[in-house]
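J.: quick one: sequence and predicted model below, then my questions.
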Amino acid sequence: MKLRSIKEAGKLRGKRVLLRLGLNAAIKNGKVMGGFRLQKVIPTIVFLKKKGAKVIIMGHIGRERTQSLKPVADYVSKMTKIRFVPDLHDKNLPDIIANMKEGSALMLENLRSDLGEVKNTAAFARYLASLGDIYVNDAFSASHRKHASIVSLPKLLPGYAGLHFEEEIKHLSLVKKPSRPFLFILGGAKFSTKMPLMKKFFRIADYVFIGGALANTFFKEQGFETGRSLADEDDFNLGTLLRSKKLVLPSDVVVKNRRSVFVKKPQEVAVDDTITDAGPETIKELKRLVSLSKFVLYNGPLGNYEEGFEKGTAELLRVIAKSRAITVVGGGDTLTLVSALKLHNKFTFVSTGGGAMLDFLAEGTLPGIEALQKSAKRFI
């Protein structure tokens, strides 16, 4: 996949660069928690500043219009100095940008404070375009959204891919010609949205392990009781997948009920049980499969880590981290645990994408990628 890189943009000195970044971060007591996704955008900011550009950083945080990027700006500014503009529609913003020094950067307030971002209005895209000369997308994690700053803005300005955006595409594209044996591990929930991805990787991978709440739907198809566990109610006709020799399901699970927490076989789950995590025998089997594999792709937790059931996922991440295989991991929840375990540098690549990673793997493209490919075909 060929995209125009910001490294190919030519002379940037004095140019107003609208830089769309993935700035969505967990905030607690006004401070950024974790910050791995934010650390990954720093090289592109620094690159543009060194080229003498006037860098106008754009992004969103959360789903509420009232949420502010100020804590994110403070966090980023500790790594490379930036200014924060608290009003996205500050009447003085054009003058502020005009008076920026070459090689400096500022961050605009939450794009979603304007309804035009999520609604993808032409008016909001035109407003943003009026602030810059060129557009750079380094927000892979948001590029599955058909929002104004992702898909409409590149129609109005020459568009380029940022440094981390290129890294995401490079490493996630390894699935097209994977080293073998290839192990695909998929956890988490949202069965209906992940069904296309599962079907695709049953064709591509040598082993497909399904865990987390996704496995519960397979257990139901097998006629097992899933109790109070999260499971999709739709009928997905999983017979073909269940008969596949590639499929690996948890051989034991951690369940909780009113009495305590137990390890059970899937067929032993009772009506009042809730499946919360993968069991120890399952982790042993995953360790064996990882040891056999030359390429491991992993997305989604094996348990409900938000309720304290993160042991299975943590053990799996440690196993993958020790592997000599090519290892690519991602997903928002997975990334949280990678950060907590300080394992960032133990994998071949850690994707910052959650839904974007899954959509790219399933479809081979994203709305943000297609927008860059169709962007104004002129260089500066």
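T.: Noted; the coordinates are in hand. Numbers count the residues shown, from 1 in each chain.

J.: from here on, just use CA atoms for contacts and neighbour counts.
T.: Fine.

J.: all strands for the stretch 251-380 of the chain, in order.
T.: Counting by DSSP state E, counting those that start in this stretch, the stretch 251-380 of the chain has strands at residues 253-256, 261-264, 274-278, 295-299, 326-330, 349-350.

J.: list the residues that contact residue 282.
T.: By Cα atoms under 8 Å, 6 or more residues apart in numbering, residue 282 lies in contact with 250, 251, 252, 253.

J.: count of neighbours near the second one?
T.: Residue 251 has 17 neighbours, counted by other Cα atoms under 10 Å.

J.: try the last one
T.: Taking other Cα under 10 Å as the criterion, the count of residues near residue 253 is 28.

J.: show me the contacts for it.
T.: Shown in contact with residue 253 (Cα under 8 Å, 6+ apart): 263, 264, 265, 266, 275, 276, 277, 278, 279, 282.

J.: now the terminal residues of stretch 69-85, how far apart.
T.: The first and last residues of stretch 69-85 sit 9 Å apart, counting by Cα to Cα, to the nearest Å.

J.: the nearest residue to residue 152 once chain neighbours are set aside sits in which helix or strand?
T.: Counting by Cα to Cα, 6 or more residues apart in numbering, residue 125 is the residue found nearest to residue 152 once chain neighbours are left out, at 6.0 Å. Using DSSP states H and E, residue 125 maps to helix 122-129.

J.: what is that helix packed up against?
T.: helix 115-119, helix 153-156 (3 or more Cα pairs under 8 Å, 6 or more residues apart in numbering; DSSP states H and E).

J.: same list (those helices) but as a markdown table, adding mean neighbour count, mean pLDDT and distance to residue 335.
T.: Below are these laid out as a markdown table (neighbours: other Cα atoms under 10 Å; pLDDT from 0 to 100; distance: least, Cα to Cα, whole Å):
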| stretch | mean neighbour count | mean pLDDT | distance to residue 335 |
| --- | --- | --- | --- |
| helix 115-119 | 16 | 98 | 25 |
| helix 153-156 | 23 | 96 | 29 |
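
J.: save those helices as a markdown table, and put in distance to residue 368 too.
T.: Putting those into a markdown table (distance: least, Cα to Cα, whole Å) gives the following:
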| stretch | distance to residue 368 |
| --- | --- |
| helix 115-119 | 14 |
| helix 153-156 | 9 |
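
J.: hang on, the earlier thing: can you tell me what sits against the helix holding residue 125?
T.: Where contact means Cα under 8 Å, 6+ apart, the residues beyond helix 122-129 that reach it are 116, 117, 148, 149, 152, 153, 156, 157.

J.: can you give me how far that helix is from the chain middle?
T.: Its chain's C-alpha centre and that of helix 122-129 lie 26 Å apart, by Cα atoms, centre = their mean, to the nearest Å.

J.: pLDDT averaged over that helix - what is it?
T.: Confidence for helix 122-129, expressed as mean pLDDT, is 98.

J.: please apply the same query to stretch 231-248.
T.: Mean predicted lDDT for stretch 231-248 stands at 90.

J.: got it, and stretch 316-327?
T.: Taken as a whole, stretch 316-327 has a mean pLDDT of 98.

J.: could you do stretch 137-149 as well?
T.: Mean pLDDT, stretch 137-149: 98.

J.: same check, this time on stretch 9-18
T.: For stretch 9-18, the mean per-residue pLDDT is 96.

J.: make a markdown table out of the strands of the stretch 251-380 of the chain and add distance to residue 243.
T.: Formatted as a markdown table, the strands of the stretch 251-380 of the chain follow (distance: least, Cα to Cα, whole Å):
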| stretch | distance to residue 243 |
| --- | --- |
| strand 253-256 | 21 |
| strand 261-264 | 23 |
| strand 274-278 | 22 |
| strand 295-299 | 22 |
| strand 326-330 | 27 |
| strand 349-350 | 32 |
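
J.: just name the most buried of those strands.
T.: Per residue and on average, the most neighbours among the strands of the stretch 251-380 of the chain fall to strand 274-278, with a mean of 27 (mean count of other Cα atoms under 10 Å).

J.: which residues touch that one?
T.: Counting by Cα under 8 Å, 6+ apart, strand 274-278 makes contact with 211-212, 226-230, 250, 252-257, 269, 302-304, 309-313, all of which sit outside it.

J.: ok so, going back, CSV please, covering the contacts of residue 282 and showing distance to residue 130.
T.: Compiled in CSV, these are given as follows (distance: Cα to Cα, whole Å):
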residue, distance to residue 130
250, 54
251, 57
252, 57
253, 55
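
J.: where in the stretch 251-380 of the chain is pLDDT low?
T.: In the predicted model, the stretch 251-380 of the chain carries pLDDT under 70 at residues 376-380.

J.: for it, what spans make up the helices?
T.: In the stretch 251-380 of the chain, the helices defined using DSSP state H, counting those that start in this stretch lie at 280-292, 311-322, 332-341, 355-363, 367-373.

J.: quick one: closest of the ones you listed to residue 185.
T.: Residue 185 lies closest to helix 280-292 among the helices of the stretch 251-380 of the chain, at 9.0 Å (Cα to Cα).

J.: chain center to the closest one, what's the gap?
T.: The mean C-alpha position of helix 280-292 is separated from the chain mean by 25 Å, Cα atoms, centre = their mean.

J.: next: stretch 4-19.
T.: The chain centroid and the centroid of stretch 4-19 are separated by 25 Å under Cα atoms, centre = their mean.

J.: same thing with stretch 61-76?
T.: Using Cα atoms, centre = their mean, the mean C-alpha position of stretch 61-76 is found 18 Å from that of the whole chain.

J.: ok, now which ones touch residue 209?
T.: For residue 209, the set of contacting residues under the criterion of Cα under 8 Å, 6+ apart consists of 183, 184, 185, 186, 247, 248, 249.

J.: and it, its phi and psi?
T.: Taking degrees, to the nearest 10, you get phi -100, psi 130 for the backbone angles of residue 209.

J.: TSV please, covering the helices of the stretch 251-380 of the chain and showing distance to residue 111.
T.: Formatted as TSV, the entries for these read as follows, by distance: least, Cα to Cα, whole Å:
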stretch	distance to residue 111
helix 280-292	41
helix 311-322	34
helix 332-341	21
helix 355-363	19
helix 367-373	16
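
J.: right, I'll call it a day here.
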